[in-house]
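*Asks:* sequence and predicted structure are below.
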Amino acid sequence: MDVIEAMNSCRAIRYFTNDPISDEVLDGLIHAATRAPNPGNSQGWDFVIITDTAIKSALSESIAAVIGSVVKGMEDAVGGADNMEPVESRMLGGALNLASTLADVPAIILVCGRAVYPVAAPNEMMVWSALYPAAQNILLAARAQGIGSCFTTFHGMCEPQLRDLLNIPEDVHIAAFIPLGYPDTDKVNFGPLARKPVEDVIHRNGW
Ligand SMILES: Cc1cc2nc3c(=O)[nH]c(=O)nc-3n(C[C@H](O)[C@H](O)[C@H](O)COP(=O)(O)O)c2cc1C
């Protein structure tokens, strides 16, 4: 698939079928991630692939224990669920579904990394600047193969358990928690993205 077509249709997918993703395809997604630009080509990244049902199930339980209050906080911030924008409301519904079905999601990739750049004085900001492009490459490479994904910060809701279950060292930062699977097309599918028109955000030769 043409990369522009992949970008144009790479919706956040939060509903998946149970069809597995092969190790070969998952490894290919990590290959794509590691083609991303990164500071000084320091490549301070690591990727954890989670396919084990017991681990996914434990993470699902940890996230389920807190996601309700996170959603409530977002609703309260706008004066209640009824005041929420429909787009945001749909996003939260999808996120709640994702959290509760995580054990059945075929695979999750954690995009992680250490502060390694600049070598003389490693800087945490450089970690994120390496890991976010890598995460985007995963989303696009998945999309190109008909695999749905969603950039999430679910790790923030289960970080102690994640580190414990997966032996992730304390000095390794986690930037993204990416669930992957073939889209459940009864509920969601790839398609055009709702974004501002480019003319609203372009500044030609000045602001
Ligand atoms: C930094 C970042 C954090 C995000 N965190 C979450 C998340 O925790 N849960 C979730 O369901 N989606 C999350 N998303 C996905 C966005 O909600 C999604 O990209 C946005 O709503 C636009 O949807 P679309 O890409 O389908 O058009 C995140 C995206 C980014 C870039």
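*Replies:* Structure received.
*Asks:* quick check: pLDDT value at residue 103.
*Replies:* Looking at residue 103, its pLDDT stands at 96.
*Asks:* ok, now which ones touch it?
*Replies:* Residue 103 makes contact with 53, 56-57, 60 under the criterion C-beta atoms under 8 Å, 6 or more residues apart in numbering. For the C-beta atoms, the positions are set from N, CA and C on the backbone; glycine is no exception.
*Asks:* neighbour-wise, which of these leads?
*Replies:* Highest neighbour count within these, by other C-beta atoms under 10 Å: residue 60, with 22 neighbours.
*Asks:* picking up where we left off before, I'd like the contacts of residue 103 written out as JSON lines, with pLDDT and distance to residue 160 added.
*Replies:* Shown next, in JSON lines, are these (pLDDT from 0 to 100; distance: C-beta to C-beta, whole Å):
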{"residue": "53", "pLDDT": "97", "distance to residue 160": "21"}
{"residue": "56", "pLDDT": "97", "distance to residue 160": "17"}
{"residue": "57", "pLDDT": "96", "distance to residue 160": "17"}
{"residue": "60", "pLDDT": "94", "distance to residue 160": "15"}
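*Asks:* grab the longest helix from the chain for me.
*Replies:* For the chain, the longest helix by residue count, based on DSSP state H, is helix 53-77.
*Asks:* closest to the centroid, which residue in this structure?
*Replies:* Here the mean C-alpha position of the chain is nearest to the C-alpha of residue 151 (C-alpha atoms, centre = their mean), at a distance of 2.1 Å.
*Asks:* kindly provide the distance from it to residue 178.
*Replies:* Here the distance between residue 151 and residue 178 works out to 6 Å (C-beta to C-beta, to the nearest Å).
*Asks:* common neighbours of these two, please.
*Replies:* Taking C-beta under 8 Å, 6+ apart as the criterion, residue 151 and residue 178 both touch 135, 139.
*Asks:* residue 178 belongs to a strand?
*Replies:* Yes - per DSSP: H, G, I helix; E, B strand; the rest coil, residue 178 lies within a strand segment.
*Asks:* surely residue 64 touches residue 97?
*Replies:* No - shown here, residue 64 and residue 97 do not form a contact pair, counting by C-beta atoms under 8 Å, at 11.3 Å.
*Asks:* does the ligand have contacts with the helix-or-strand element of the chain with minimal mean pLDDT?
*Replies:* The helix or strand of the chain with the poorest confidence is helix 86-100; it has a mean of 89 (mean pLDDT, DSSP states H and E). Yes - using C-beta under 6 Å from any ligand atom, helix 86-100 comes into contact with the ligand via 91, 94-95, 98.
*Asks:* report the contact partners of residue 187.
*Replies:* Applying C-beta under 8 Å, 6+ apart to residue 187 gives the contacts residue 15.
*Asks:* sorry, that was for residue 168
*Replies:* Counting by C-beta under 8 Å, 6+ apart, residue 168 has contacts 48, 110, 112, 162, 174.
*Asks:* gap between the residue nearest to the centre of the chain and residue 116?
*Replies:* Distance from residue 151 to residue 116, by C-beta to C-beta: 23 Å.
*Asks:* what's the span of stretch 99-110 from first residue to last?
*Replies:* Across stretch 99-110, the terminal residues are separated by 15 Å (C-alpha to C-alpha, to the nearest Å).
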